[in-house]
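Enquirer: Okay, structure incoming, though there's no sequence with it:
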């Protein structure tokens, strides 16, 4: 039996490559990796891409995953409407079948964390999803975007709505997307609800210097 999963990327669809849109950017990278094409789905007010994956579990069994990627075409603050419509039509349980990817000001750029339930921590997109679902019991994949030195609300708003620099985008390409969109990370997230960590390289064994032969005692005359 196949597993249904819904991956949602939060952002402002009309403002590409801004820090607030990193959730959508992750899903764009995922769709590219899986050779998927986005199409507009008006009932959900979203862009949607779908596929079925055959993922290999730790015990070598194969699990079919019906994966739906969704990018709301609504503004961030009301994006929960799109998510709730998709959840209802797909007949999924948010607590086990919904993952929401979004930006996180509390973490440095590129730092990824997984949170399975709890408050919105001030994120308006997550607030909207919680409100429309009537529950905060769903997984969030939080992608750090850093934050400005100023704590002034206007400065923070300008920061999150500002575009990533070329250097920051290059960093996402090299350090974030590989941890989320390739086969092993997808298998880990879909089947075990965990973030993938690349294996650590084996430690090089230090070669011990050979023990010198004992020095024979000097005979006295």
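Expert: Happy to help now that I have it. In this text the structure is predicted, and so the values were computed from the model without any measurement.
Enquirer: Would you map the helices across this protein?
Expert: Here the chain has its helices, by DSSP state H, at 22-33, 80-90, 94-97, 124-133, 153-160, 166-171, 183-192.
Enquirer: List just the one of those that sits closest to residue 55.
Expert: Taking Cβ to Cβ, helix 183-192 is the member of the helices of the chain nearest to residue 55, at 4.6 Å. From N, CA and C alone the C-beta is placed, and that goes for glycine too.
Enquirer: which residues are contacting the closest one?
Expert: With Cβ atoms under 8 Å, 6 or more residues apart in numbering as the contact definition, helix 183-192 has outside contacts at 3, 5, 30, 53, 55-57, 63, 65, 67, 99, 141, 178-180, 194-196.
Enquirer: quick one: the residue positioned nearest the centre of the chain from residue 35, how far?
Expert: Centroid-nearest residue in the chain: residue 141, 4.6 Å away (criterion: Cα atoms, centre = their mean). Note on residue 141: its distance to residue 35, by Cβ to Cβ, to the nearest Å, is 22 Å.
Enquirer: re earlier: of the contacts of helix 183-192, which qualify as buried by neighbour count?
Expert: Buried members of those, scored by 16 or more other Cβ atoms under 10 Å, are 3, 5, 30, 53, 55, 65, 67, 99, 141, 178-180, 196.
Enquirer: In the residues you listed, find the pair that's most separated.
Expert: Once Cβ to Cβ is applied, the buried ones among the contacts of helix 183-192 give 3 and 178 as the farthest pair, at 23.6 Å.
Enquirer: What is the neighbour count of residue 133?
Expert: 18 (other Cβ atoms under 10 Å).
Enquirer: ok, now how distant is residue 37 from residue 22?
Expert: Per Cβ to Cβ, residue 37 is found 22 Å from residue 22.
Enquirer: Please name the bridge partners of residue 99.
Expert: Residue 99 has these beta-bridge partners by DSSP bridges: residue 7, residue 139.
Enquirer: my read: the residue nearest to the centre of the chain touches residue 180, true?
Expert: Yes: shown here, residue 141 and residue 180 form a contact pair, counting by Cβ atoms under 8 Å, at 7.2 Å.
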